[in-house]
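>>> Below: sequence and its predicted model.
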Amino acid sequence: MNILYLKYAVEIEKSGSLNKAAEHLYMGQPNLSRAIKELESALGITIFVRSAKGMSTTPEGNEFLQNAKKILSEIDSLENMYKSGKKTKQKFSISVPRACYISEAFSQFSKLIDPESPAELFYNETNSLHVIKNITENDYKLGIIRYPADYDKYFKEMLEEKGFAYELVTEFRYVLIMSKQHQLSEYDDISYDDLKPYTEIAHADPFLPSIPASAAKKEELPENIEKRIFVFERASQFDLLSENTDTFMWVSLAPQKLLDRFGLVKKKCSDNCRIYKDVLIYKKDYHLSELDKLFITELCKSKRQHI
C-alpha cells in the first residue's frame, strides 16, 4: 500500500472536498481522484461518497481513516526519532474521572518531566464512556474508569470485548465535602435526611456505557436531593463549594491541602455504603512507555496517601 495514498485520504476527509484537498496537496484533482480509486480498489471498500455538500465518508471509510491516522502518526514519530540533532518529543495522554487524588498524581508527575526535552502531555477529565471512547477513537494511551463495584462483571466483560488490559487502582466509598461555614460542618456523621435541605454540586455527565442516560442519572444521583447544580469543570465546583455555604459534593477523598485552600471540610456519611472502583485501562497491544510508568508510580503514591 502506498503511504502517500493514506495521506491523500486523510487530507480529503480533513478538507471535505476533493478540489480543496488537491490544492492543499499541490496536485491536480484528476490525479488525486485516480489515487483514491486505486486505494479503494486495493482495499476492496468505498472510502468516500460524493454529496451536495462535498465528500463524506462511509462507515468502512471512517474505520479505515482512523487506522490511517494512527499509521501516519507512528511514521511521523519514527521519522522524528531519527532526525539528527533533534530530541524525541515526550508524549503522554490519559483520560480520567474527576478525582483529586488523580489530579494530584498528575501534578507531581508533571514535575518529573525532563525539562531539556520537548513534551506534550494531555490530561482529560470526563466520564467512563468518554474515557473508553478517547482510547478507542482519539488516540489517548491510558485511561482510568470509575464505576460501582456491583457493575464489575459488566465492565470486565466489556473491557475484554474491546481488547483492553485493565488493573484495579483503588476501591472506595464517597465522602462529603462542604464549606467550613456549612451548617452541617460540625456533624461527625451526616445522614441522607440531613442533606435534603441543601444543594448538591454534581458532575454534569455521570453516565455509564450502554446504560441509558436517564437510568444512569437515577443510579448515580439519589432522588432524596431536590436541589442540584450540575457543573462539568472541577475547579468551578470547588469555587461554588467555597462561596455558597449551602452546597455539598460527593468525592473520592481530597488532599487536606486542597480542602484548606478552599476552606472546606470532609465528612462521613454512614448511609452511603456503595463501593466504587477506579480501574486503569489501555489497549492490550500497547506497551507502557517510561512516562506511563512514571505516572503510574505517582498515582500509586497519591492513592496510598489519600485513600
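Sure thing, it's come through.
>>> going forward, measure contacts between C-alpha atoms and count neighbours the same way
Fine.
>>> By mean pLDDT, which helix or strand of the chain comes out lowest?
helix 213-220 (a mean of 53; mean pLDDT, DSSP states H and E).
>>> roughly how far apart are His236 and Asn31?
If you look again at residue 236, you'll see it is Ser, not His. 52 Å (Cα to Cα, to the nearest Å).
>>> likewise Ile296?
Distance from Ile296 to Asn31, by Cα to Cα: 49 Å.
>>> how much space between the residue nearest the centre of the chain and Asn127?
Ranked by distance to the mean C-alpha position of the chain (Cα atoms, centre = their mean), the top residue is Ser95 at 2.6 Å. Distance, Ser95 to Asn127, by Cα to Cα: 9 Å.
>>> where are the low-confidence patches of this structure?
Residues of the chain meeting the criterion pLDDT under 70: 1, 80-88, 204-223.
>>> tell me the strands in it, going along the chain?
Remark: strands assigned in the chain by DSSP state E are 48-51, 54-57, 90-96, 119-125, 142-148, 164-172, 175-179, 199-203, 227-231, 247-251, 264-267, 276-283.
>>> mind listing what the residue nearest to Ala21 when sequence neighbours are not counted touches?
Among residues not flanking Ala21 along the chain, Ile12 sits closest, at 5.1 Å (Cα to Cα, 6 or more residues apart in numbering). When contacts are counted by Cα atoms under 8 Å, 6 or more residues apart in numbering, Ile12 is found next to 18, 20-21, 55.
>>> Apply the buried test to those and list what passes.
18, 21, 55 (16 or more other Cα atoms under 10 Å).
>>> I'd say Gln181 and Glu243 touch.
No: Gln181 is beyond contact range of Glu243, at 9.8 Å (criterion: Cα atoms under 8 Å).
>>> Between those two, tell me which one has more neighbours.
More crowded of Gln181 and Glu243, by other Cα atoms under 10 Å: Gln181, with 16 against 13.
>>> okay if I get the strands of the chain as JSON lines plus distance to Leu39?
Shown next, in JSON lines, are those (distance: least, Cα to Cα, whole Å):
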{"stretch": "strand 48-51", "distance to Leu39": "11"}
{"stretch": "strand 54-57", "distance to Leu39": "14"}
{"stretch": "strand 90-96", "distance to Leu39": "31"}
{"stretch": "strand 119-125", "distance to Leu39": "33"}
{"stretch": "strand 142-148", "distance to Leu39": "32"}
{"stretch": "strand 164-172", "distance to Leu39": "31"}
{"stretch": "strand 175-179", "distance to Leu39": "56"}
{"stretch": "strand 199-203", "distance to Leu39": "45"}
{"stretch": "strand 227-231", "distance to Leu39": "46"}
{"stretch": "strand 247-251", "distance to Leu39": "51"}
{"stretch": "strand 264-267", "distance to Leu39": "60"}
{"stretch": "strand 276-283", "distance to Leu39": "28"}
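>>> Give me the distance from stretch 166-182 to the chain's centre.
The chain centre lies 19 Å from the centre of stretch 166-182; the measure is Cα atoms, centre = their mean, to the nearest Å.
>>> Show the end-to-end separation of it, please.
Start-to-end span of stretch 166-182 (Cα to Cα) is 40 Å.
>>> ok, and what's touching that stretch?
159, 185, 241-242, 244-253, 262-269, 272-282, 300, 303, 307.
>>> One more pass at 6 Å, please.
Stretch 166-182 is contacted from outside by 241-242, 245, 248-252, 263-268, 275-281, using Cα atoms under 6 Å, 6 or more residues apart in numbering.
>>> and what of stretch 34-44?
Contacts with stretch 34-44, where a contact means Cα under 6 Å, 6+ apart, come from Thr46.
>>> let's see 7 Å
Identification of contacts with stretch 34-44 by Cα atoms under 7 Å, 6 or more residues apart in numbering yields 5, 9, 46-47.
>>> Please identify the buried residues of it?
35-37, 39-40.
>>> how far does it sit from the chain's center?
Averaged C-alpha coordinates place stretch 34-44 at 35 Å from its chain's average position (Cα atoms, centre = their mean).
>>> So for Ile296 and Asn31, which residue has more residues nearby?
A direct count of neighbours by other Cα under 10 Å for Ile296 and Asn31 places Ile296 higher, at 18 against 11.
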